[in-house]
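Trainee: Quick one: sequence and predicted model below, then my questions.
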Amino acid sequence: MAAPTAQDDSPPSTTIMDKNGDVLFELGKDDATKSHLLVSSKVLSLASLVFTAMFTHGFREGENLSSSSPRLIPLPDDDPTALTLLCKILHFRTIDIPTTLEVAALANLAILCDKYDCADCVRPWSMLWLPRWLPHAGDDGFGKLLFITYALDLPDAFSEVTLALSKDCGSLPKADAQSTGYDILPLDLTDQLRERQRGIRLGLCRAIETAVSPWLQIACCDHRSVVGKYFQSLYSAGLWPPSEAIGKLKVADIKAKIASIAVGTSCGGTSCYGSCRGASGTDITAGTNIKATLVKAVDNVLLSVRGLCLDCVKTGDRAERAEECRIPHSTQRLRTA
């Protein structure tokens, strides 16, 4: 008969945020992994109206609080690492706060900030952590920055993130997804971003198709060669037909493929006795490059896109209250891919 497994009856480890704390948070769901945080109800109440209600408005958790016998409050649904970090921030344990934070950890922290209504206290730290991740649109986890910047109330970062997500498909959750954190967002926000993605793709398709238009109006053998090479280069680069290719690529990849194509330039009439003047009055001078025309058209499409205004998203208003927004709409963040 096998010997019974020994039981570990040692008490959970305790991290002290305040040596005179009167509340003992119990973290974790499993007995083997549970831990405690000794915290101050006064400090937490100053930082959060939710904690104020918990400790002062008749909740059982707030009865008879005393540093001599801290009250145990189980928080099994909260991420232990994120709650520990939140308590360090609220108790000014600055030396123990990391200067960098992974996106997943930042996401868990943002969820707690939303739950306990204490984003104001965490915002300065988030402004230190976020810049590392903002340039990485399209990377795994970048979509989480959408609800992170929303929950932490960061209008500049939210504008930059929504601009990047508008340009790159595949980074948004599905409309019916129940991903943790995304339930913080307004129901129509991801649909709005998908509509913006479709609009940008349509604009890029139009730019690729119309950049060649001036050359099609000219009866010149040299230009026919340029046009033929243009379509052949687009096909070789995986950009033709654009209606099929553009929707599968990131904007940065589209621009890289455009940069790789090789096309000729206009003779400007120097080898065709002036027939480079189109019947409609189009005048393409010597040295004009169809690729440069395409690059400019693509840049114009991307420069016309702006990040979303966090204040407008949160209030549901648009132009009606634009003058009250923290970021003026006339200077809403623009960023090329």
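Mentor: Structure received. Numbering: from 1, shown residues only.
Trainee: Does residue 74 belong to a helix, a strand or coil?
Mentor: Assigned state for residue 74: strand (three-state reduction, DSSP: H, G, I helix; E, B strand; the rest coil).
Trainee: and residue 37, that's in a strand?
Mentor: Yes. Counting by three-state DSSP, residue 37 is part of a strand.
Trainee: What are the boundaries of the helices in the stretch 1-150 of the chain?
Mentor: Counting by DSSP state H, counting those that start in this stretch, the stretch 1-150 of the chain has helices at residues 41-47, 49-56, 80-90, 103-116, 119-129, 144-151.
Trainee: Just give me the lowest mean pLDDT stretch among those.
Mentor: The minimum mean pLDDT among these belongs to helix 49-56 (a mean of 89).
Trainee: in the stretch 201-337 of the chain, which ranges drop under the pLDDT threshold?
Mentor: 218-223, 264-288, 317-322, 330-337 (pLDDT under 70).
Trainee: Pick the most deeply packed of the helices of the stretch 1-150 of the chain.
Mentor: helix 144-151 (a mean of 25; mean count of other CB atoms under 10 Å). C-beta here means a position set from N, CA and C on the backbone, and glycine is covered the same way.
Trainee: Restricting to C-alpha, output that one in CSV.
Mentor: Extracted in CSV, the C-alpha atoms of helix 144-151 (Å, rounded to 0.1, in the frame of the first residue of the first chain):
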residue,chain,number,x,y,z
LYS,A,144,-4.0,44.3,-26.7
LEU,A,145,-2.7,47.8,-26.7
LEU,A,146,-6.1,48.8,-27.8
PHE,A,147,-7.8,48.0,-24.5
ILE,A,148,-4.7,48.9,-22.5
THR,A,149,-4.6,52.5,-23.8
TYR,A,150,-8.4,52.7,-23.5
ALA,A,151,-8.5,51.4,-19.9
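Trainee: Residue 299: neighbouring residues, count only.
Mentor: The burial count assigned to residue 299 is 14, neighbours taken as other CB atoms under 10 Å.
Trainee: Residue 313 too?
Mentor: With other CB under 10 Å as criterion, residue 313 counts 19.
Trainee: Quick check: it touching residue 189?
Mentor: Yes. Residue 313 lies in contact with residue 189 (CB atoms under 8 Å); the separation is 6.4 Å.
Trainee: how much space between residue 215 and residue 25?
Mentor: Separation of residue 215 from residue 25 (CB to CB, to the nearest Å): 70 Å.
Trainee: one step back: can I get the helices of the stretch 1-150 of the chain in JSON lines including distance to residue 163?
Mentor: Listed next are the helices of the stretch 1-150 of the chain as JSON lines, based on distance: least, CB to CB, whole Å:
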{"stretch": "helix 41-47", "distance to residue 163": "31"}
{"stretch": "helix 49-56", "distance to residue 163": "32"}
{"stretch": "helix 80-90", "distance to residue 163": "27"}
{"stretch": "helix 103-116", "distance to residue 163": "18"}
{"stretch": "helix 119-129", "distance to residue 163": "18"}
{"stretch": "helix 144-151", "distance to residue 163": "11"}
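Trainee: and of those, who's closest to residue 256?
Mentor: Proximity to residue 256 (CB to CB) singles out helix 144-151 among the helices of the stretch 1-150 of the chain, at 23.2 Å.
Trainee: counting contacts, what elements does the very next helix or strand once past that closest one pack onto?
Mentor: Helices and strands here follow DSSP states H and E; after helix 144-151, the next one along the chain is helix 155-167. Contacts defined by 3 or more CB pairs under 8 Å, 6 or more residues apart in numbering; DSSP states H and E place helix 155-167 against helix 144-151, helix 189-210, helix 310-315.
Trainee: outside of helix 155-167, which residues touch it?
Mentor: With contacts defined as CB atoms under 8 Å, 6 or more residues apart in numbering, helix 155-167 is touched by 127, 130, 134, 137-138, 142-143, 145-146, 149-150, 171-172, 193, 196-197, 200, 250-251, 302, 305-311, 313, 325-327, 332-335, 337.
Trainee: Buried subset of those residues as a PyMOL selection?
Mentor: Restricted to buried positions by 16 or more other CB atoms under 10 Å, the PyMOL selection for the contacts of helix 155-167 reads:
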select buried, resi 130+134+137+138+142+143+145+146+149+150+171+172+193+196+197+200+250+251+302+305+306+307+308+309+310+311+313+325+327+332+333+335+337
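Trainee: can you tell me which residues contact the residue nearest to residue 93 when sequence neighbours are not counted?
Mentor: In space, and not counting its chain neighbours, residue 93 is closest to residue 17: 6.5 Å by CB to CB, 6 or more residues apart in numbering. Listed by CB under 8 Å, 6+ apart, the contact set of residue 17 reads 37, 38, 39, 40, 43, 87, 88, 91, 93.
Trainee: partners of the first one in the sheet?
Mentor: Per DSSP bridges, residues listed as beta-bridge partners of residue 37: residue 15, residue 25.
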